[in-house]
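Asks: Okay, here's the prediction I keep looking at, along with the sequence it came from:
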Amino acid sequence: MTSRRRRLAERRKACGYNQEEFAEAVGVDRSTVQRWESGKTDPQPWQRPKIAKALSLTSAELDALLVPDAYAPPRSRTAWLSDASSGSDDEFDALELARRVSASDVGKETLSRLEHAFDELAMKYPVSPPQDLLERVRKHSAYVSHLMDARMTLAEQRRLYVVGGWFQLLGATLHIDLNQEHAATARLQTAATLAQHADHREIEAWCYETDAWRVLTDGDYARALDLSRIAQELAPAGTSAAIQATAQEGRARARLGEGPETYRVIERVQRMSGAMVPRKGTEHHYQYDPGKALAYTATTLAWVGDPAAEDYARQVIARLAPSDDVEKWPRRVASANIDLALALLGGDRLDEACNAAQRAILSGRIVPSNHWRALEVVKAVERRQLPEASDLREAYQGLKALPSGS
């Protein structure tokens with residue numbers, strides 16, 4: 001029995017109603033009451049005054065009964081999130097209490113804690129299975145939605161739209177990682193709408209940049225180039241979104257075979273990232289940092305066929321994976337091993353290339369949206385009829401067979 005069902009059902013019983021009597025009192029069917037108490041649906045706004053009256057609650061007290069069921073946060077910042085769904089309502093109970101003691105129905109403390117929660121999740125992104133992280137994003141997005149109809153000041157409303165936009169954007173990124181295209185599109189559109197209402201051009205720019213990466217992975221390089229340029233026009237100067245959108249342009253140009261233009265973009269990214277001062281931790285997904293610049297350059301040079309990609313890829317691996325413990329690898333290490341394999345294949349260092357590709361594939365750090373990058377290496381090895389080809393293909397098939405949350 002979920003906590004929401006327990007709270008709402010216990011209040012109904014305390015007021016002397018069975019489900020059928022309660023349904024009649026608020027003007028709905030018994031099945032509707034069952035869905036409310038199971039947490040499958042929420043009462044509509046026009047139904048809530050009747051429910052509050054029948055249960056002798058204020059509107060704020062009713063809202064507290066209907067807070068989405070929550071979870072216990074993971075024990076450590078870098079831990080995998082496989083147990084994220086087994087916790088309690090403590091986090092959202094605390095958020096609700098902070099909201100109710102504030103001057104408005106939302107309050108600065110609630111908004112600050114939501115903003116902190118987003119930053120925490122954005123920093124977990126590089127080392128977390130996307131399916132598990134998505135569950136936490138869904139919980140927080142639901143809570144933001146729950147607050148949308150509350151009374152608040154204009155300044156609080158803008159902050160709520162902004163943090164809601166960030167959660168929707170991160171959710172879209174996770175859906176892309178899991179190849180869930182329709183959900184990704186819906187979240188990107190919602191994030192862009194919230195950003196426009198809040199006049200937050202950086203979030204809007206990230207929406208276009210994220211979509212540029214999605215269509216690039218689908219092989220539509222010209223569209224990726226267009227989207228990355230729109231993102232650059234929207235992004236405030238000097239922001240992480242501006243740098244990442246420029247990097248996305250370079251990747252698109254590399255795939256289009258535009259060598260000279262690609263090198264010019266690499267130089268722009270290096271200049272821009274050199275002036276960037278990290279403020280939210282170096283692994284925050286929406287903050288550019290020197291490590292991301294290295295990884296970006298490795299991938300772009302590998303795609304344009306430049307042997308210098310090897311040195312950049314090795315720097316990424318040395319910086320982010322000082323040990324062979326793949327459990328601690330951020331996702332960039334697997335990508336760097338793929339870049340390294342491509343560079344080594346170009347230099348006919350075939351045994352080393354196969355070893356790098358094998359490490360990437362077996363690491364478990366390649367998300368579904370990046371399977372195509374691993375497949376490029378597998379096909380390159382097969383074209384050369386190398387003896388390692390069958391083992392590499394077998395490892396890749398094993399990767400494809402893994403559940404999407406692994």
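Replies: That came in fine, so what should we check first?
Asks: In this structure, where is pLDDT below threshold?
Replies: The chain contains residues with pLDDT under 70 at 1-5, 64, 67-89, 96-103, 278, 280-282, 322-329, 369, 400-406.
Asks: gap between the residue positioned nearest the centre of it and Glu37?
Replies: The centroid of the chain falls nearest to Leu170 when counting by CA atoms, centre = their mean (3.2 Å). To Glu37, Leu170 is 31 Å away according to CB to CB, to the nearest Å. C-beta coordinates here come from the backbone N, C-alpha and C atoms, glycine included.
Asks: Thr300 now?
Replies: Taken as CB to CB, the span from Thr300 to Glu37 is 54 Å.
Asks: One more: Gln168?
Replies: 28 Å.
Asks: which one of those two has more residues nearby?
Replies: For Gln168 versus Glu37, the count of surrounding residues by other CB atoms under 10 Å is larger for Gln168: 25 against 21.
Asks: Contacts only, for the more buried one.
Replies: Ser141, Arg187, Leu188, Thr190, Ala191, Leu194 (CB atoms under 8 Å, 6 or more residues apart in numbering).
Asks: and the one helix or strand it maps to, how far out from the chain's middle?
Replies: Here Gln168 sits within helix 154-177, counting by DSSP states H and E. Averaged C-alpha coordinates place helix 154-177 at 10 Å from its chain's average position (CA atoms, centre = their mean, to the nearest Å).
Asks: Return the set of buried residues in that helix.
Replies: 156-177 (16 or more other CB atoms under 10 Å).
Asks: and after it, which helix or strand comes next?
Replies: helix 181-198.
Asks: Follow the chain on from that following helix and name the next helix or strand.
Replies: By DSSP H and E, the next helix or strand past helix 181-198 is helix 201-217.
Asks: Can you tell me what sits against that next one?
Replies: In contact with helix 201-217 (CB under 8 Å, 6+ apart) are residues 162, 165-166, 169, 172-173, 176, 181, 184, 188, 191-192, 194-196, 223-225, 227-228, 230-232, 234-236, 239-242, 244-245, 248, 251-252, 255, 286, 369-370, 372.
Asks: among these, which ones are buried?
Replies: Buried among those by 16+ other CB under 10 Å: 162, 165-166, 169, 172-173, 176, 184, 188, 191-192, 194-195, 223-225, 227-228, 230-232, 234-235, 239-242, 244-245, 248, 251-252, 255, 286, 369-370.
Asks: I'd say Thr300 and Glu267 touch.
Replies: No - the criterion here is CB atoms under 8 Å, and Thr300 misses it with Glu267 at 11.3 Å.
Asks: Between those two, which is the more surrounded one?
Replies: Thr300 (27 against 11).
Asks: what helix or strand does the more buried one sit in?
Replies: Counting by DSSP H and E, Thr300 is part of helix 290-304.
Asks: same for the following helix or strand past that helix, what does it pack against?
Replies: Later in the chain than helix 290-304, the nearest helix or strand by DSSP H and E is helix 309-320. When contacts are defined as 3 or more CB pairs under 8 Å, 6 or more residues apart in numbering; DSSP states H and E, helix 309-320 sits against helix 290-304, helix 331-346.
Asks: Pick the most deeply packed of those helices.
Replies: Sort the helices and strands packed on helix 309-320 by mean neighbour count, taking mean count of other CB atoms under 10 Å, and helix 331-346 sits at the top with a mean of 26.
Asks: quick one, that one and helix 154-177 angle?
Replies: 40 degrees (axes from the mean of the first three to the mean of the last three CA atoms, to 10 degrees).
Asks: Which elements pack onto helix 331-346?
Replies: Using 3+ CB pairs under 8 Å, 6+ apart: helix 331-346 touches helix 290-304, helix 309-320, helix 350-362, helix 371-383.
Asks: what's the closest of these to Gln44?
Replies: helix 371-383 (41.6 Å; CB to CB).
Asks: Please list the residues outside the closest one that contact it.
Replies: Under CB under 8 Å, 6+ apart, the answer for helix 371-383 is 217, 335, 338, 341-342, 345, 350, 353-354, 357, 360-361, 366, 388-389, 392-393, 396, 399-400.
Asks: Check which element follows it along the chain.
Replies: helix 389-401.
Asks: picking up where we left off before, residue contacts, the residue nearest to the centre of the chain?
Replies: By CB under 8 Å, 6+ apart, Leu170 lies in contact with Phe118, Leu121, Ala122, Tyr125, Val137, His285.
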